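Asker: can't give you the sequence, but here's the structure:
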DNA sequence: TTGTATGCGTTATCAG
DNA sequence: CTGATAACGCATACAA
């Protein structure tokens, strides 16, 4: 049996209260007794029971991290960022991977982290209002990545800005016939990012006086395969685009694969730009919109720390900048546009 | 304040013991009272306090997952596999990312999951004997991926077999001058996988009667960049290899990049084979040795369930098969070998 | 089948 | 600065 606080108290010849204080570094303990307690604890290789401690103090020392896909590059990167900061403050991560729709349902039905965590970090999950309320009912600070939820701390990138930059980059290169490979627009859970990026695409084209052509929007549903087939569809148009903006790098990868399989090259035949700066983007020399991924995780964790320490009363919102990363898949338009 | 078991007991007009039994589905409760209890709990939106429950029962409902890098494809994939199985059994994942050496040290110094978890899953972490003992002292079932630890459950692939298959594939294609890009051999923590794969490479060459040439072994230290420079070194040899086995797909990616930047092609100029079947391997058409990644996570989780349920007394070991996945980067040797 | 009573290991509130 | 003691919320052995 592991030693308990009582054993330590006996050995140090003090009360359990004093042991508790000494071990937690509270101020009102004389150096002499603190020494004695620490030694006794050491000798018994004592460690506090988190459960008992939580039960008595109300704090759990754990932060729940809820996300849709642990196994995707973006999310695993964010988790790593969160971990860095939380670990340094002795907070543990309780992971909830809600990729599967049924798991998602079950999660909100049973609320397994009720009373389990001191705070919550939610990554890019579209939440119904009922679900938001359910989370709020946990009465712990919540930091959200992506979607904004009232009363929550918030970190995100400016998707409209990033997407606009991407499309403008293509326009600046002389392209006028610009396609977009969109993704996850039809997902029943209603992720908002795809919508925002698509809207920016349309807006920038309109601002540039380029007429809207629905054929140039190829829905892809995320994923490499989907990006590939979307690109194939664009290329089969009577008047195919000279440049393509893919909503995510993943889809851009698929687009590039289609190009190379058809014997076409980027940017000579078609310029391609993605979004995310996925780790593979550099490998494939893909021009893209970069966002600091792990850093967003660190920011979320920092917000949690602020909330927990009471350093900041009001939840803050921080928008991190994206940046255009020009690599080899975008170039000047060489084909002329058709007559309007 | 959240409702406690006492509130439920009062409302259902039974004792707290009965509430506890009814809620956990224990057999010796009449249907009528169970109904009443469930209803009362529902009306009060009651949920048990995990801390109190743990304290009283000794079980925590959590499994610790300790790994070196959450943000790498391989590990995030394994975690997803683990999550699938554990989640289905209402076990939570407590994540410990020990990538940083200092974090690693601190982890073993403080053993933060002592009393926190019912079981432990360790992914590919090379452990000193002291560290193994420290984990064993937690007195919970442990499942280990990769390295074998006495007394622990165990899942792994046959690295020697896989690497041998890779090298034999090249030999069968007529290659005799075969290089290897090795990785992480010098890591102070002493991962064993690199050593095993390298050993297999040497053994197979010897068996084929191909003389050993140390120049053909290019240390790369994992990572795309390292793979790229390792390949550059191999190509700069007076008598460069006609085929290269990269210890991991990541390093193979770097090798491919070097080739394409130098205007060379795979397999026409140099055949390249990797190991892992990383998600990007298909995209780059890389021939590789595939291993079921998420599945290994599921197996680990299943072992933990077996251990926890007492279904199996003795820890089991399972070795999952690898498979040669032939894609486009390996082909018949066209260049003749030099005179021995 | 149900209730009673005790223990689980701390923290925190008082009093000293 | 230190000690006694009441929570904390539940599980379980035992009794009924």
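Answerer: Received the coordinates, thanks. Please read all numbers here as calculations on a predicted model, not as lab measurements. Numbering: from 1, shown residues only, chains lettered A, B, ... in the order given.

Asker: Now do the contacts for residue A:6.
Answerer: Shown in contact with residue A:6 (Cβ atoms under 8 Å, 6 or more residues apart in numbering or on different chains): residue A:16. In this view, the C-beta of every residue, glycine as well, is placed from N, C-alpha and C.

Asker: ok but it is inside a helix, no?
Answerer: Yes - membership of residue A:6 in a helix is supported by DSSP: H, G, I helix; E, B strand; the rest coil.

Asker: I'd like the distance between it and residue A:84.
Answerer: 37 Å (Cβ to Cβ, to the nearest Å).

Asker: can you check residue A:21 too?
Answerer: Residue A:21 is 31 Å from residue A:84, by Cβ to Cβ.

Asker: One more: residue A:194?
Answerer: In terms of Cβ to Cβ, residue A:194 sits 29 Å off from residue A:84.

Asker: Looking at these two, which one has more neighbours?
Answerer: residue A:194 (22 against 17; other Cβ atoms under 10 Å in any protein chain shown).

Asker: what does the model give the more buried one for pLDDT?
Answerer: pLDDT recorded at residue A:194 is 90.

Asker: before we move on, what about residue A:245?
Answerer: 98.

Asker: Show me what it bridges to in the sheet.
Answerer: On the basis of DSSP bridges, residue A:245 is bridged to residue A:180, residue A:273.

Asker: just checking, it touches residue A:163?
Answerer: Yes - with contact defined as Cβ atoms under 8 Å, residue A:245 reaches residue A:163; the gap is 7.4 Å.

Asker: Give the residue from these two that has the larger number of neighbours.
Answerer: residue A:245 (32 against 27).

Asker: show me what contacts residue A:97?
Answerer: Per Cβ under 8 Å, 6+ apart, neighbours of residue A:97: A:67-70, A:103, B:79-80, B:83, B:87.

Asker: Just the buried ones from those?
Answerer: A:67-70, B:79-80, B:83, B:87 (16 or more other Cβ atoms under 10 Å in any protein chain shown).

Asker: what about the stretch 101-250 of chain A, any weak spots by pLDDT?
Answerer: Within the stretch 101-250 of chain A, the ranges that satisfy pLDDT under 70 run A:187-190.

Asker: Quick check: residue A:22 vs DNA strand C, distance?
Answerer: Computed as Cβ to the nearest atom of the strand, to the nearest Å, the residue A:22 to DNA strand C distance reads 9 Å.

Asker: tell me the contacts of that residue?
Answerer: A:14, A:29, A:33-34, A:37-38 are the contacts of residue A:22 under Cβ under 8 Å, 6+ apart.

Asker: So for it, what's the nearest residue that isn't a sequence neighbour?
Answerer: residue A:37 (3.9 Å; Cβ to Cβ, 6 or more residues apart in numbering or on different chains).

Asker: Would you agree that neighbour is in contact with residue A:18?
Answerer: Yes - using Cβ under 8 Å, residue A:37 makes contact with residue A:18 at a distance of 6.8 Å.

Asker: Give the residues shared as contacts by the two.
Answerer: A:12, A:29.

Asker: ok, these two, which is more surrounded?
Answerer: residue A:37 (24 against 21).

Asker: Reduced to three states, what does the closest residue to residue A:114 other than its chain neighbours come out as?
Answerer: Once flanking residues are discounted, residue A:114 sits nearest to residue B:47: 4.9 Å by Cβ to Cβ, 6+ apart. Counting by three-state DSSP, the backbone at residue B:47 sits in coil.

Asker: coming back round to it: would you format the contacts of residue A:97 as JSON lines with distance to residue B:293 included?
Answerer: What follows is the contacts of residue A:97, written out as JSON lines (distance: Cβ to Cβ, whole Å):
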{"residue": "A:67", "distance to residue B:293": "19"}
{"residue": "A:68", "distance to residue B:293": "19"}
{"residue": "A:69", "distance to residue B:293": "15"}
{"residue": "A:70", "distance to residue B:293": "13"}
{"residue": "A:103", "distance to residue B:293": "20"}
{"residue": "B:79", "distance to residue B:293": "10"}
{"residue": "B:80", "distance to residue B:293": "9"}
{"residue": "B:83", "distance to residue B:293": "13"}
{"residue": "B:87", "distance to residue B:293": "18"}
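
Asker: Would you reformat those as a markdown table and include distance to DNA strand D and secondary structure?
Answerer: Shown next, in a markdown table, are the contacts of residue A:97 (distance: Cβ to the nearest atom of the strand, whole Å; DSSP: H, G, I helix; E, B strand; the rest coil):
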| residue | distance to DNA strand D | secondary structure |
| --- | --- | --- |
| A:67 | 28 | strand |
| A:68 | 30 | coil |
| A:69 | 32 | coil |
| A:70 | 29 | coil |
| A:103 | 23 | helix |
| B:79 | 28 | helix |
| B:80 | 29 | helix |
| B:83 | 24 | helix |
| B:87 | 20 | helix |
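
Asker: Just name the closest of the residues you listed to DNA strand C, please.
Answerer: Nearest to DNA strand C among those is residue B:87, at 26.8 Å by Cβ to the nearest atom of the strand.

Asker: ok, back up a step: ramachandran coordinates for the residue nearest to residue A:22?
Answerer: phi -60, psi -50 (degrees, to the nearest 10).

Asker: so what's it scoring on pLDDT?
Answerer: At residue A:37, pLDDT is 95.

Asker: Name the nearest residue to residue A:104, sequence neighbours excluded.
Answerer: With sequence-adjacent residues excluded and distances taken as Cβ to Cβ, 6+ apart, residue A:104 is closest to residue A:98, at 4.3 Å.

Asker: Run a quick neighbour tally on the one you found.
Answerer: 23.

Asker: what about it, distance to residue A:131?
Answerer: 10 Å.

Asker: where along the stretch 151-300 of chain A do the strands fall?
Answerer: Ranges of strands within the stretch 151-300 of chain A are A:153-157, A:178-182, A:217-219, A:243-246, A:271-276, A:287-290, based on DSSP state E, counting those that start in this stretch.

Asker: who wins for proximity to residue A:316 among those strands?
Answerer: Of all the strands of the stretch 151-300 of chain A, strand A:153-157 sits nearest to residue A:316, with 6.2 Å by Cβ to Cβ.

Asker: circling back: wait, what's in contact with the residue nearest to residue A:22?
Answerer: A:8, A:12, A:14, A:18-19, A:22-23, A:29.

Asker: switch to 10 Å and redo it
Answerer: A:8-9, A:11-14, A:18-23, A:29, A:46 (Cβ atoms under 10 Å, 6 or more residues apart in numbering or on different chains).

Asker: what's the answer for residue A:181, then?
Answerer: Residue A:181 neighbours (Cβ under 10 Å, 6+ apart): A:216-221, A:226-231, A:233-234, A:244-248, A:251-252, A:254-255, A:272, A:274.

Asker: What of residue A:277?
Answerer: Residue A:277 neighbours (Cβ under 10 Å, 6+ apart): A:249, A:286-293, A:322-323, A:325, A:327.
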